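S.K.: give me a model of this one.
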Amino acid sequence: MRILLIDDSDTDKSKPELQDVFQDLMKALGHEVILAKTIFEGFFQCGRGQIDCIVTDLFFQPNEEPGAFSMIRFLTNQECNVPIIVVFDYAYFHTQIHQQAVELGFFEIIDKTNAVSEIKTALQKITDGDQRI
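M.R.: The predicted model follows:
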């Protein structure tokens with residue numbers, strides 16, 4: 001499966017960036033990973049086509065609107081039906097964000113603290129043909 005991984009992880013080199021951890025996991029599971037550090041790079045990669053799944057951070061700087069919400073609106077406008085897995089820090093979680101994510105049709109919403117195991121499970125569901133959030 002070709003996975004677009006969009007994440008603007010901070011540059012704190014004292015700990016591995018989540019993007020590196022996610023990329024290593026996805027490759028170990030046999031997936032091809034296309035990286036994007038910004039939501040705009042993600043839009044560009046989506047426009048090129050042949051993406052089977054998107055794993056993205058929820059918020060991107062300096063945008064005020066959550067990046068993942070912009071991504072799913074873009075895909076909807078392009079009539080592209082690609083599962084999107086959203087990863088974010090539940091410390092910033094609130095019901096309104098979760099409800100908006102559900103309404104927009106994200107495939108899975110994952111807490112960064114449990115992301116490795118939950119992404120593995122979500123990718124397997126997509127590979128098995130599951131189309132639900």
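
S.K.: use CA for all of it now, contacts and neighbours both
M.R.: Noted.

S.K.: this protein: helices as residue ranges?
M.R.: Here the chain has its helices, by DSSP state H, at 18-28, 39-48, 67-77, 95-104, 115-127.

S.K.: which among those is found nearest to Met1?
M.R.: helix 115-127 (7.7 Å; C-alpha to C-alpha).

S.K.: now that closest one: mean pLDDT?
M.R.: Here helix 115-127 scores 86 as its mean pLDDT.

S.K.: and stretch 77-90, by the same measure?
M.R.: When pLDDT is averaged along stretch 77-90, the result is 75.

S.K.: before we move on, the earlier item: would you format the helices of the chain as TSV with mean neighbour count and distance to Ile84 included?
M.R.: Below are the helices of the chain laid out as TSV (neighbours: other C-alpha atoms under 10 Å; distance: least, C-alpha to C-alpha, whole Å):
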stretch	mean neighbour count	distance to Ile84
helix 18-28	16	15
helix 39-48	16	12
helix 67-77	17	8
helix 95-104	12	10
helix 115-127	17	10
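
S.K.: who wins for proximity to Asp7 among those helices?
M.R.: helix 18-28 (6.1 Å).

S.K.: does anything pack onto that closest one? Which helices or strands?
M.R.: strand 2-6, strand 32-36, helix 115-127 (3 or more C-alpha pairs under 8 Å, 6 or more residues apart in numbering; DSSP states H and E).

S.K.: that's all I had, so thanks and see you.
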